[in-house]
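J.: no FASTA, just this:
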């Protein structure tokens, strides 16, 4: 049963979300491309960007089409679903913010696990000097983390609509400046239940990742400096996982708040 106590607890957590969103906004708006990166970008052939974009498109397509079943073998999806249901039931009974905090902590642990996993993957592949072929593995590790975060907050990532949302999240997470503002507004509109144009969203997400990682992947494919390229993977993953956790938490809290009002 929804009560003022339920709503007050949810509102306090939503206030935290707002503060964290404001911090992300400030960080995104002050991000500038380092001069060394700008100089090197001018030397990267256009075909490198094109090939990397195609690689990311293919990677997301492969994982969404055939890789989700494989990813689910790496964790107990039902156990995570059950965990959310337990927390949801406990909150409905107690209206205690501690339940929401514990839900947040569990999702945050999943976020950090994803970063650590992709760190090991990135450094390992860098040592081997592998370049573009590791994109599918990188995307698989990234989506594994996002899938688990979605489950922690009670969302089914297997629907077409949810996959669009995940792609929106991934695009926004690696953008900066005005591009970040535009993408973030689209994410919030989706959360609010508004119609969002997701035409060619897969391509837009692939382009964003290609732009963000083009130099890392270019460097990773060169002899002797492979490890440097591998180290860029966790940087990208950290941004994506942090953003995904925040937005899924926001969706969960808003859903709980709406439910409390209707009871």
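T.: Ah, there it is. Keep in mind that this is a model prediction, so the values were computed, not measured.

J.: tell me which element the nearest residue to residue 204 once chain neighbours are set aside falls in.
T.: Leaving out its chain neighbours, the residue that sits closest to residue 204 by CB to CB, 6 or more residues apart in numbering is residue 171, at 5.6 Å. In this view, the C-beta of every residue, glycine as well, is placed from N, C-alpha and C. Taking DSSP states H and E as the definition, one finds residue 171 inside helix 160-173.

J.: Which SSE is immediately downstream of that helix?
T.: Defined by DSSP H and E, the subsequent element after helix 160-173 is helix 177-191.

J.: how about the residue nearest to residue 204, what does it touch?
T.: Neighbouring residues of residue 171 by CB atoms under 8 Å, 6 or more residues apart in numbering: 183, 201, 204, 205, 208.

J.: Which members of those occur in helices, if any?
T.: Secondary structure defined by DSSP state H assigns 183, 201, 204, 205, 208 of the contacts of residue 171 to helices.

J.: Please give me every residue in contact with the second one.
T.: Looking back up the chat, that one is residue 201. 164, 167, 168, 171.

J.: For the chain, which segments are assigned as helices?
T.: 4-30, 35-41, 46-62, 68-72, 77-94, 97-128, 135-152, 160-173, 177-191, 201-220, 226-230, 232-261.

J.: Let me know the closest of the contacts of residue 171 to residue 62.
T.: Proximity of the contacts of residue 171 to residue 62 (CB to CB) peaks at residue 205, which lies at 14.1 Å.

J.: hang on, isn't that closest one packed against residue 56?
T.: Yes. Contact criterion CB atoms under 8 Å: residue 205 and residue 56 qualify, at 7.4 Å.

J.: Pretty sure residue 187 sits against residue 172.
T.: Yes. With contact defined as CB under 8 Å, residue 187 counts as touching residue 172 (5.4 Å).

J.: The two: which is more packed in?
T.: residue 172 (27 against 22; other CB atoms under 10 Å).

J.: which residues sit in contact with the closest residue to that one other than its chain neighbours?
T.: Excluding the flanking residues, the one nearest residue 172 by CB to CB, 6+ apart is residue 183, at 3.6 Å. Residue 183 sits next to 168, 171, 172, 175 when contact means CB under 8 Å, 6+ apart.

J.: Got phi/psi on residue 200?
T.: phi 60, psi 30 (degrees, to the nearest 10).

J.: pLDDT added to the contacts of residue 183, as TSV?
T.: Shown next, in TSV, are those (pLDDT from 0 to 100):
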residue	pLDDT
168	97
171	96
172	97
175	91
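
J.: Could you export the contacts of residue 201 to a markdown table, including columns for distance to residue 139?
T.: Output for those, formatted as a markdown table (distance: CB to CB, whole Å):
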| residue | distance to residue 139 |
| --- | --- |
| 164 | 16 |
| 167 | 11 |
| 168 | 16 |
| 171 | 13 |
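
J.: where in the stretch 51-200 of the chain is pLDDT low?
T.: Low-confidence segments of the stretch 51-200 of the chain, defined by pLDDT under 70, span residues 113-133.

J.: rerun that using 50 as the cut-off
T.: Within the stretch 51-200 of the chain, the stretches with pLDDT under 50 are 120-130.

J.: still on that earlier bit, go through the helices of the chain and pick out the most buried.
T.: Most buried of the helices of the chain, by mean neighbour count (mean count of other CB atoms under 10 Å): helix 135-152, with a mean of 24.

J.: and that helix, what does it pack onto?
T.: With contacts taken as 3 or more CB pairs under 8 Å, 6 or more residues apart in numbering; DSSP states H and E, helix 135-152 sits against helix 46-62, helix 68-72, helix 77-94, helix 97-128, helix 160-173, helix 232-261.

J.: my guess is residue 210 contacts residue 57, does it?
T.: No. The criterion here is CB under 8 Å, and residue 210 misses it with residue 57 at 9.1 Å.

J.: joint contacts of the two?
T.: Shared contacts of residue 210 and residue 57, defined by CB under 8 Å, 6+ apart, are absent.

J.: Please report the distance of residue 242 from residue 235.
T.: According to CB to CB, to the nearest Å, residue 242 and residue 235 sit 11 Å apart.

J.: Tell me how far residue 87 lies from residue 15.
T.: For residue 87, the distance to residue 15 equals 20 Å [CB to CB].
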